[in-house]
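Asks: Got a predicted model here, sequence first, then my questions.
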Amino acid sequence: MTKFELGPGFPEPEEGLPYRPCVGIMLINSAGKVWVGSRDDGARTSNYKYSWQMPQGGIDKGEAPEVAARRELYEETSVKSVTFLEEAPQWFAYDYPEEVVRTSRRGKHRGQAQRWVAYRFDGDDEEINILTPPDGHSAEFSAWRWESAAQLPGLIVPFKRPVYKRVVAAFSHLTT
């Protein structure tokens, strides 16, 4: 995927590893609350100190960010009943801590550059299925809840907090 296909403003570091192109999804219910899931540690639980996050994932080659957002949302939550609200006006990037690059990211990317998309959830909570995701995808979350947008930055791992603060600000007019 080229910078042109990703649209203007994709951050290109002057040196070092590139950013992985990704999307993030803010799913908002009719009460203005935001969907968050607790990351699964592989045993359908979470032992992570900051385990809560919104859905996110990679953009496939040639895929538009909004298309990737719908796909990732479905793969991680089984949710299809949504209305597109808006896309954040720019890419938000974060760097992985050095130990994450070394141990789990195989040294391919310095972090993620994300396009965030907001959707209104039009379904019932029973539509949300994180434990047996569709199409054979592995569960990424062990629990979920609706949360106030203002609380989101305090729930995410510290190295992602600046991005979450920007996302909450970008979509603040859509939440309570």
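Replies: Perfect, thanks for sending it.
Asks: Show me which positions of the longest helix along the chain end up buried.
Replies: The residue-count maximum for a helix in the chain (DSSP state H) belongs to helix 65-77. Using 16 or more other CB atoms under 10 Å as the test for burial, helix 65-77 gives 65, 68-77. (C-beta placed from N, C-alpha, C; glycine too.)
Asks: do the same with stretch 165-173
Replies: Those would be 166-168, 170-171, for stretch 165-173 by 16+ other CB under 10 Å.
Asks: Distance from it to the middle of the chain?
Replies: 14 Å (CA atoms, centre = their mean, to the nearest Å).
Asks: So what touches that stretch?
Replies: 24, 26, 28, 54, 85-86, 88-89, 92, 116, 118, 149-150, 152-153, 175 (CB atoms under 8 Å, 6 or more residues apart in numbering).
Asks: Tell me who's in contact with the most centrally placed residue in the chain.
Replies: For the chain, the residue nearest the mean C-alpha position is residue 56 (2.4 Å; CA atoms, centre = their mean). When contacts are counted by CB under 8 Å, 6+ apart, residue 56 touches 22-25, 72, 112, 114.
Asks: Swap in 10 Å and give it another go.
Replies: Applying CB atoms under 10 Å, 6 or more residues apart in numbering, we find residue 56 in contact with 22-25, 68-69, 72-73, 76, 112, 114, 116, 140, 160, 163.
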